[in-house]
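Asker: pasting a predicted model and its sequence here:
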Amino acid sequence: MDYLLAAFAWLADSSHWTGRSGIPNRLLQHLAVTSVVVSIAAVIALPIGILIGHTHRGSGVVGAIVGAARSIPTLGLLTLFGLGLGIGLRAPILALVVLAMPSLLAGAYAGIETVKPEVTDAARAIGLSEWQIVSRVEIPLSAPVIIGGIRSATLQVVSTATLAAYIADAGLGRFLFTGLKTRDYAQMVGGAIMVITLALILELILAGIQRLARRISHPQLLTTTMKRN
Amino acid sequence: MLKKLSIVMSVIVLAGVSALTGCTSNPDPSKPTIVIGSQGYYSSEIIAEIYAQALEKAGYAVDRQFRIGPREVYLPEIEAGRIDLFPEYSGPLLQYWQPGTTARLGDDVYAQLQQATPPGLRVLDQSAATDQDSYVVTQAFANQWGLVAVSDLAKVTTPLILGASSNALDRPNGPNGLLSVYGIEVGFTPIEDSGGPLTVKALKDGDIQLAIIYTANPSITANNLITLEDNKGLFLASHIVPLASDNVDEQAASIINAVSAAMGPGDLIGMNARSVNDQLPAQTIARDWLTEKGLI
């Protein structure tokens, strides 16, 4: 309890809110790392997931890879990449991309796969090309699940991005490492509170977007629930 | 089926227990159980394991609590009486209790350390083996600027960046100490692997120019790194010294003192190299060394 109070006192101290290693700058670095990582991972994982979901091929193999990838310890991977790439942000970004991929991949292929065959067959029957089926039928219908994947990937990355500070002078993880190693536990807990707050805000935003997507892609579900009420 | 499984399980457990206790004689119930700790540093674990095996040989029961993080974490545990024996480093330990100490040489540090040790604890004889923080640079960088001692860093006209764990930020060996003792200003890049392979890689890549690496780290010679001479005494002499509680009785203390007497600086570097280069476990390294010295 004392640590928590000390942490809030640390957060309230205005001198911790300015300069290169101030909270706003660390927060921005943390957000930048998170968005770069999720973007890179999305560009790689979403097309693969959508392709698998559409063709119904390779989902077993991908399921196995996704399951295995989830068990890779990110700190170990970070050290491994660091030995090849040196210190700085490259190794942490790469390790976090590996962390983010499974959720994105799973969200994409599971979402597309759940679109009923009658729907895609009907689309095919009225003359839509395969690309049009994917872009106009499957992606819009599965958008809530795909966004769910992005949401869980973002949550994992934003909380694990603290590890970037292991070999780079960046992100909210700096407060955790410095606090831990210099016995400044107020700083450590203060940094952790910032990470939690950031994770919750991102979670709320993405949950809102997910709900919006559900409302657009499945309006009938919404109207039936409304009628019931 | 279940019965078979339980037999297998108990065999595994028994094998584990006997592996832990090693080939030693049964513990003597009249002797106290000694809790031995070590830092989260492989070299500290090797020394702690040497203490453990030497005591077990004499019939003491030993409870190993190894790899307990940095001094800031474990010393309060020792002071609270939860750990009985710990391989320590004389200079940094003295600086923990007396941050303003002016002692630098081995014997002065040890004498002051005996004074500074709180009641209920004592330091046993210090060993000739040392392992201390040092500033290292690459051979190429040393040649380029003609660096031999830390004060030579004043000749460097390009920006200097020091790479080390975050604890250097508030310890006297970090950027603050360099500025106050040597008047040399350096930037700081945190690398949290305590002078490990990532730090060495950053030095070789030129991402940092200066790193804090322990003198007994075999990677210094393996990578042709140059240790800068601490000519103004920023670092304290750092001999291996056992920190013991009152639970360590006279017989146990004399066993540990015999270990310290037998251990020279070369022994430590040699054992560290076996850990880093050959990836041998602390148990094996400790047993081989004790056997070689005729201590078990």
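Answerer: Here it is on my side, so go on.
Asker: quick check: pLDDT value at residue 57.
Answerer: Using chain A here. The model reports residue A:57 with a pLDDT of 86.
Asker: I was after chain B.
Answerer: Reported pLDDT for residue B:57: 94.
Asker: from residue B:283, how far out is it?
Answerer: 14 Å (Cβ to Cβ, to the nearest Å). (C-beta placed from N, C-alpha, C; glycine too.)
Asker: residues of the helix or strand residue B:220 falls within that come out buried?
Answerer: Element membership for residue B:220 (DSSP states H and E) is helix B:219-222. Residues of helix B:219-222 classed as buried by neighbour count (16 or more other Cβ atoms under 10 Å in any protein chain shown): B:219-220.
Asker: from the chain's centroid, how far away is it?
Answerer: 17 Å (Cα atoms, centre = their mean, to the nearest Å).
Asker: got it, and stretch A:47-64?
Answerer: 20 Å.
Asker: ok, residues contacting that stretch?
Answerer: Contact with stretch A:47-64 is made by A:104-113, A:115, A:130, A:133-134, A:138-139, A:142, A:146, A:149, as judged by Cβ atoms under 8 Å, 6 or more residues apart in numbering or on different chains.
Asker: show me which of these neighbour chain B.
Answerer: Near chain B, judged by Cβ under 8 Å from any Cβ of the partner chain, there are no entries from the contacts of stretch A:47-64.
Asker: in PyMOL, how would I select the buried members of these?
Answerer: Buried residues among the contacts of stretch A:47-64 (16+ other Cβ under 10 Å), as a PyMOL selection:
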select buried, chain A and resi 104+105+106+107+108+109+110+111+112+113+115+133+134+138+139+142+146+149
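Asker: in strands only, show me the contacts of stretch A:47-64.
Answerer: Among the contacts of stretch A:47-64, none falls in strands (DSSP state E).
Asker: now residue B:61: closest residue in space, sequence neighbours ignored.
Answerer: In this structure, residue B:61 finds its nearest non-sequential neighbour in residue B:27, 3.7 Å apart by Cβ to Cβ, 6 or more residues apart in numbering or on different chains.
Asker: quick one: strands adjacent to the helix or strand where residue B:213 lies?
Answerer: For residue B:213, the host element (DSSP H and E) is strand B:210-214. Applying DSSP bridges, strand B:210-214 is found paired with strand B:133-138 (antiparallel), strand B:161-164 (parallel).
Asker: export these to a markdown table and append columns for mean neighbour count.
Answerer: Shown next, in a markdown table, are the strands paired with strand B:210-214 (neighbours: other Cβ atoms under 10 Å in any protein chain shown):
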| stretch | mean neighbour count |
| --- | --- |
| strand B:133-138 | 24 |
| strand B:161-164 | 24 |
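Asker: nearest to residue B:248, of these?
Answerer: Closest approach to residue B:248 among the strands paired with strand B:210-214 (Cβ to Cβ): strand B:133-138, 27.5 Å.
Asker: could you list the residues in contact with that closest one?
Answerer: For strand B:133-138, the external contacting residues (Cβ under 8 Å, 6+ apart) are B:92, B:147, B:150, B:162, B:173, B:203-204, B:209-215, B:220, B:223-228, B:230, B:235, B:238.
Asker: please state the backbone phi and psi of the closest residue to chain B within chain A?
Answerer: Using Cβ to the nearest Cβ, the closest approach of chain A to chain B is made by residue A:181 at 3.9 Å. Note on residue A:181: its backbone torsions stand at phi -80, psi -20 [degrees, to the nearest 10].
Asker: what residues does the stretch 101-250 of chain B put near chain A?
Answerer: B:163, B:165-167, B:169-170, B:188-193, B:197-198, B:201-202, B:205, B:207-208.
Asker: now, which of those residues lie within strands?
Answerer: B:163, B:188-190.
Asker: by neighbours, which of those residues wins?
Answerer: In terms of neighbour count, residue B:163 stands highest of these at 28 neighbours, by other Cβ atoms under 10 Å in any protein chain shown.
Asker: so who does that residue touch?
Answerer: Contacts of residue B:163 (Cβ under 8 Å, 6+ apart): A:87, B:188-191, B:199, B:202-203, B:207-208, B:210-212.
Asker: how about these in JSON lines, adding distance to residue B:88 and pLDDT?
Answerer: Output for the contacts of residue B:163, formatted as JSON lines (distance: Cβ to Cβ, whole Å; pLDDT from 0 to 100):
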{"residue": "A:87", "distance to residue B:88": "30", "pLDDT": "93"}
{"residue": "B:188", "distance to residue B:88": "26", "pLDDT": "93"}
{"residue": "B:189", "distance to residue B:88": "28", "pLDDT": "94"}
{"residue": "B:190", "distance to residue B:88": "25", "pLDDT": "94"}
{"residue": "B:191", "distance to residue B:88": "24", "pLDDT": "95"}
{"residue": "B:199", "distance to residue B:88": "23", "pLDDT": "95"}
{"residue": "B:202", "distance to residue B:88": "29", "pLDDT": "96"}
{"residue": "B:203", "distance to residue B:88": "28", "pLDDT": "96"}
{"residue": "B:207", "distance to residue B:88": "32", "pLDDT": "95"}
{"residue": "B:208", "distance to residue B:88": "28", "pLDDT": "96"}
{"residue": "B:210", "distance to residue B:88": "26", "pLDDT": "96"}
{"residue": "B:211", "distance to residue B:88": "23", "pLDDT": "96"}
{"residue": "B:212", "distance to residue B:88": "19", "pLDDT": "94"}
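Asker: out of those, which comes closest to residue A:19?
Answerer: Ranked by distance to residue A:19 (Cβ to Cβ), the contacts of residue B:163 are led by residue B:188 at 14.1 Å.
Asker: so who does that closest one touch?
Answerer: For residue B:188, the contacting residues are A:169, B:161-164, B:168-169, B:174-175, by Cβ under 8 Å, 6+ apart.
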